[in-house]
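# from the sequence below, what's the structure:
(one chain, ligands or ions: 1)
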Amino acid sequence: MTAHQPIRIAGAGPSGLSAAIALARAGYDVEVHEAKRDVGMRFIGDLQIIEGSSEREPVPHFLDRIGIARNFYFRPADWSTFYDAAGNARVIRSSEPYGYFIKRGAEEGTLDRGLLAQAREAGARVIFNSRISEADIMATGPATPDGLAKEMTWHTGEPERIDVFFNHKLSPGGYSYLFILDGLATFGCAIVSSFKQIDDFFDHSLQAAQSLHRFELPEQRRYGYSYMNFHLKTRATANGSRFVGEAAGFQDYLFGLGIRYALTSGWLAAQSIIHGRDFDELWREALAGKQETSLVNRFLYESGGNFGLSMFVRQAARTKDFQGYLRSWHARTWWKRLLSPIVRRVWQHRGRCQHKPGEHWCRSRDTEMRVPELGPIQDP
Ligand SMILES: Cc1cc2nc3c(=O)[nH]c(=O)nc-3n(C[C@H](O)[C@H](O)[C@H](O)COP(=O)(O)OP(=O)(O)OC[C@H]3O[C@@H](n4cnc5c(N)ncnc54)[C@H](O)[C@@H]3O)c2cc1C
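Residues are numbered from 1 along each chain as shown. Predicted structure coming up:
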């Protein structure tokens, strides 16, 4: 591959654009093909977080290292309120930010718009309404739901809140959340099973959140459904393509956080091209271990039931440093290494699935599950 051959990237999400930025800056001719008419179309201007606990490197340093400027909304979070299933509220504090809030979608100020601007400034061409099935870098996002979320966003003048509700009855295997920051509110319900009932889970979670600590809901709101991918593979390459982000199942499975994985894997794919390195070697070194640990974490999260969740909430509030507490969850301890093959065996899916590329481990699922039409829903 020479610097004069165009490099094609499928998908203008965080993984595709981080690859595009690095490659274009290194002098490559880069073409990004995006299936939708704009970036961020599967999101609704919602607040998401770039987590800062799975690695020692703080998020701002990480972004600097991979050459991403903060030309988007970017706000540190070192506090929160967690609720257990009994409705107990516990205040969480962190000496260092446990993450940084960003916005997702096509609007000004989102991560998606910021990355698009940086990719263009570096010289990459971004072609919208262009769905392609072959590319040097496949950054096409999730292909099948391993987790599903329904979200709602609105503008508000209410006081700021970062509330997370842990209750397996209201959000099976997942959690619901209310973020109000700088006048923008996001309420969401994320689940990992019983996908057909997402609307009911969303409604009941919302009612429960309202009864615990009321908030105003104006007429003007946006809603959307979206899903998340997780699987473990030995290779993220096939037929000359490098698969990055959720297209390769890269995700922290504990809380369904994939942005850091997406930015990292996109950047690593670019490095593998620039320096002639094996992409599979690069991502395995950086991501395989922590992804495997996140599978075990998810197993513990689900197996402990609501009792386990209330212990988690209590412990998170007891420590003065929530980021450090979360980091201890990400540690690759000997017992998590031992548990990992057992979890793989217990949850293993056999047979066909839509995950890419090639041989991998994924979780068995209810074959009858049906998901609602994805993406933003028309405003009521
Ligand atoms: C409701 C919700 C909340 C979330 N909250 C968080 C959070 O707080 N923190 C966090 O870290 N993660 C969060 N995630 C996960 C995170 O959003 C994803 O992991 C991340 O967006 C993955 O980036 P990506 O580039 O792999 O894929 P995407 O962001 O999905 O981008 C893929 C792009 O490829 C395009 N595309 C698809 N097929 C083709 C094709 N054939 N040709 C061309 N283009 C194509 C799509 O239109 C899309 O624009 C959340 C996910 C959801 C659903």
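# ok, G256 touching P145?
No. In this structure, G256 is not within contact of P145 by CB atoms under 8 Å, at 10.9 Å. Using the backbone N, CA and C atoms, a C-beta is placed for each residue, glycine as well.
# where do the contact lists of the two overlap?
M228 (CB atoms under 8 Å, 6 or more residues apart in numbering).
# give me every residue in the stretch 51-200 of the chain lying close to the ligand.
51, 131-133, 139-141, 149, 151, 188 (CB under 6 Å from any ligand atom).
# can you lay out these as a markdown table showing pLDDT?
Below are those laid out as a markdown table (pLDDT from 0 to 100):
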| residue | pLDDT |
| --- | --- |
| E51 | 96 |
| R131 | 98 |
| I132 | 97 |
| S133 | 95 |
| A139 | 98 |
| T140 | 97 |
| G141 | 96 |
| A149 | 95 |
| E151 | 97 |
| G188 | 97 |
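# highest neighbour count among those?
A139 (31 neighbours; other CB atoms under 10 Å).
# the ligand contacts on the stretch 251-380 of the chain?
Counting by CB under 6 Å from any ligand atom, the stretch 251-380 of the chain sits next to the ligand at 251, 256-260, 262.
# cross those against helices and list the overlap.
259-260, 262 (DSSP state H).
# now the element after the helix or strand harbouring S340, going C-ward?
Using DSSP states H and E, S340 sits within helix 334-347. Next in sequence after helix 334-347, counting helices and strands by DSSP H and E, comes strand 360-361.
# so which of the residues of the stretch 251-380 of the chain next to the ligand wins on neighbours?
A262 (28 neighbours).
# which ones are touching it?
13-15, 18, 139, 244-246, 250.
# now swap in E51 and tell me
E51 touches 59, 98-99, 252, 255, 257, 259-260, 326, counting by CB under 8 Å, 6+ apart.
# now the residues of the stretch 251-380 of the chain next to the ligand in TSV, with pLDDT?
TSV is the format used below for these (pLDDT from 0 to 100):
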residue	pLDDT
Q251	94
G256	93
L257	95
G258	96
I259	98
R260	98
A262	98
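# go through those and say which is closest to R113.
Closest to R113 out of these is I259 (14.7 Å), distances taken as CB to CB.
# quick one: which helix or strand includes the residue lying closest to that closest one once chain neighbours are set aside?
Nearest in space to I259, with sequence neighbours left out and distances taken as CB to CB, 6 or more residues apart in numbering, is I50 at 5.1 Å. Element membership of I50 [criterion: DSSP H and E] is strand 46-51.
# direction included, what does that strand pair against?
strand 99-104 (antiparallel) (DSSP bridges).
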